[in-house]
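S.K.: quick one, what's the 3D model for this:
(one chain, ligands or ions: 1)
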Amino acid sequence: MILALLAVLSMVTEVAALPFLFTRFRPQINWTQPRMERWVIEEQPRSIEPHLDLVNHPNRTHSAATSGDGSDAEFLQRLVSIRHNQTSKSRMLWYDVGSGDGLVYPPFVDKALKLLNLKQVAFEIENSVMSKVTCTACRAGSGMLQHQIQSGKTDAELIRMISDYCTNLNIQSARVCQGVAQLFGSELIYVIKRVNLSPDELCSFIIGDGCGDVYNPYHEWEVIFPPVPKPPRLADLPIPLEAAPFFKVLHISDTHYDPHYAEGSNADCNEPLCCRLSSGRPATPNAAAGKWGDYRKCDTPKRTVDHMLEHIAETHKDIDYILWTGDLPPHDVWNQTKEENLAIIKETVKQMVEKFPGIPIFPALGNHESAPVNSFPPPYVNQVDISISWLYDELDIQWRRWLPQSVTHTVRRGAFYSVLVRPGFRIISLNMNYCNNKNWWLLLNSTDPATELQWFITSCRVQSSPMRRFM
Ligand SMILES: [Zn+2]
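M.R.: Below is the predicted model:
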């Protein structure tokens, strides 16, 4: 469960350019300040309450986490049945936990840990392969966490426990385990305490296809289509001529600039991100981090980002506009802070303004912009210490260099927006983190977070006509 949170999922806005709709060759971006949308988001139906009621849904096929007597024996039996139900036999080994680590677990925890091949799990998560092994680990891990919560452990005890399991089972280095437990623990415990889902339902949601297709009525929802006629299908439009006008578009994504990258540092460390002074000394000359970057577990040095942007700006002086789809911070997901992430966003925005003066830039949000990574609470999570407004409010300020004031209400609400670039040409930028199954807030309620999909449908249907298309 905790491990699953380390997985990286890059979300990129899907684009489809339709330059043939324009009549002049190389049309200039003719920036028009969009008029205020007719859409008033506050007036739209929205789901604001998470499903916190501990009432079993009549259509559920799986028992809730709260079923059973909650005893150690009952919990262990559930784990055994999880193990027997999974099918990946050859890779599912009984893992020998080294003894003498000085930690005293309850006896049932020792038995439970032996059900899992945790090394395999760690490998799969770092490599974004989610198989049955990770699924089983997720079910056992979330079962264990729920069990400990039910037995009255405090948040501090739970966080310590997560950290100890991770360290003693050698899943990551001690400081990564500690950092992950501290950073992700309190939010995760907050959510797990409030959901009424069984481990099967939780893990089917988080891991997806690799973890069965468990029916979960709590995540069933509908959207409303406005009563306007459908625009004609794209297939009905003529194929563009070879000499048709076009835009030159630059798409930049996932720069993951690491301010702490150090040439010559260890590129082959045992942590999710290397090539920093803190990664230790390289064991061999070959293990040393390169000048311009490294293909091992490293992010991008500043000089490489600078050089790349300079090269693009010099070589392509005729860029019409830029699509910039985020993932700016580095992958040190165990020790990120909100302040550091904001500093990286501000610095990179400044850099883009300097390198591409006067060129319109249309940004979108990546999953790494939040701290902790993948954590994007929907608007109903409004406690000051957990709300996501620390990020969206700053994005609104930073993105305003390129976007009109009319988008402020949707950017501050959910980091999505729609702008009219020129008559007949609109760009819609979506925040796909509300479709990210690693965003644990969706476990509370995944029904159209921030009303984004409903807004998107209405934006498309109300504003579209045969001559209006979207990116
Ligand atoms: Zn990325």
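S.K.: any stretches of this structure with poor pLDDT?
M.R.: For the chain, the stretches with pLDDT under 70 are 1-132, 169, 218, 382-384, 462-471.
S.K.: need the longest helix for it.
M.R.: helix 174-194 (DSSP state H).
S.K.: mind listing what's buried in the helix or strand that it is followed by?
M.R.: Next in sequence after helix 174-194, counting helices and strands by DSSP states H and E, comes helix 199-207. Buried positions in helix 199-207, judged by neighbour count with 16 or more other C-beta atoms under 10 Å: 199-207. C-beta here means a position set from N, CA and C on the backbone, and glycine is covered the same way.
S.K.: elements contacting helix 199-207?
M.R.: On a contact count with 3 or more C-beta pairs under 8 Å, 6 or more residues apart in numbering; DSSP states H and E, helix 199-207 meets helix 132-150.
S.K.: how is this structure carved up into domains?
M.R.: Following the assignment in automatic domain parsing, the chain carries domains at 3-47+221-261+299-470, 72-218.
S.K.: include distance to the ion when you put those into a markdown table, please.
M.R.: Output for those, formatted as a markdown table (distance: least, C-beta to the ion, whole Å):
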| stretch | distance to the ion |
| --- | --- |
| domain 3-47+221-261+299-470 | 3 |
| domain 72-218 | 11 |
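S.K.: possible to save these as JSON lines with distance to A283?
M.R.: Listed next are those as JSON lines, based on distance: least, C-beta to C-beta, whole Å:
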{"stretch": "domain 3-47+221-261+299-470", "distance to A283": "19"}
{"stretch": "domain 72-218", "distance to A283": "15"}
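S.K.: among those domains, which is nearest N270?
M.R.: domain 72-218 (5.8 Å; C-beta to C-beta).
S.K.: since we're on E314, how many residues are nearby?
M.R.: Applying other C-beta atoms under 10 Å, we find 9 residues neighbouring E314.
S.K.: quick one: which of the buried residues of helix 199-207 is nearest T255?
M.R.: I206 (27.4 Å).
S.K.: re earlier: what helices or strands is the longest helix of the chain leaning on?
M.R.: So helix 174-194, by 3+ C-beta pairs under 8 Å, 6+ apart, packs with helix 132-150, helix 155-168.
S.K.: now render those helices as TSV, adding mean neighbour count.
M.R.: What follows is the helices and strands packed on helix 174-194, written out as TSV (neighbours: other C-beta atoms under 10 Å):
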stretch	mean neighbour count
helix 132-150	23
helix 155-168	18
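S.K.: to Y215, which of those lies closest?
M.R.: Closest of these to Y215 is helix 132-150, at 16.2 Å (criterion: C-beta to C-beta).
S.K.: ranges for the helices of this protein?
M.R.: 72-85, 107-113, 118-126, 132-150, 155-168, 174-194, 199-207, 302-315, 338-355, 389-399, 408-414, 452-463.
S.K.: ranking these by burial, who's on top?
M.R.: helix 199-207 (a mean of 25; mean count of other C-beta atoms under 10 Å).
S.K.: can I get that helix in CSV? Just the C-alpha atoms.
M.R.: Provided in CSV are the C-alpha atoms of helix 199-207 (Å, rounded to 0.1, in the frame of the first residue of the first chain):
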residue,chain,number,x,y,z
PRO,A,199,-8.6,-4.5,1.1
ASP,A,200,-9.9,-6.1,-2.1
GLU,A,201,-11.8,-2.9,-3.0
LEU,A,202,-9.0,-0.6,-2.0
CYS,A,203,-6.4,-2.4,-4.0
SER,A,204,-8.6,-3.0,-7.1
PHE,A,205,-8.9,0.8,-7.2
ILE,A,206,-5.2,1.6,-6.6
ILE,A,207,-3.6,-1.0,-8.7
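S.K.: quick one: closest of the helices of the chain to L420.
M.R.: Closest to L420 of those is helix 452-463 (C-beta to C-beta; 8.4 Å).
S.K.: so which other helices or strands are in contact with the closest one?
M.R.: Checked by 3+ C-beta pairs under 8 Å, 6+ apart, helix 452-463 has strand 425-429 packed alongside it.
S.K.: what angle do the strand it packs on and helix 389-399 make?
M.R.: Relative orientation of strand 425-429 and helix 389-399, computed by axes from the mean of the first three to the mean of the last three C-alpha atoms, to 10 degrees: 150 degrees.
S.K.: strand 425-429 - contacts with which helices or strands?
M.R.: Against strand 425-429 (3+ C-beta pairs under 8 Å, 6+ apart) you get strand 361-363, strand 417-422, helix 452-463, strand 469-470.
S.K.: now those in TSV, with distance to W441?
M.R.: Putting the helices and strands packed on strand 425-429 into TSV (distance: least, C-beta to C-beta, whole Å) gives the following:
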stretch	distance to W441
strand 361-363	22
strand 417-422	21
helix 452-463	14
strand 469-470	27
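S.K.: about what we covered before: quick check: angle from the longest helix of the chain to helix 155-168?
M.R.: Orientation of helix 174-194 against helix 155-168 (the same axes, to 10 degrees) gives an angle of 140 degrees.
S.K.: residues contacting helix 174-194, please?
M.R.: Surrounding helix 174-194, the residues in contact under the criterion C-beta atoms under 8 Å, 6 or more residues apart in numbering are 1-2, 5-6, 50, 52, 142, 145-146, 149, 155, 158-160, 162-163, 166-167, 171-172, 271-272, 333-336, 371-372, 375, 386, 440-441, 443-444.
S.K.: rerun at 6 Å
M.R.: 5, 52, 145, 149, 155, 158-159, 162-163, 166-167, 271, 334-335, 372, 375, 440, 443-444 (C-beta atoms under 6 Å, 6 or more residues apart in numbering).
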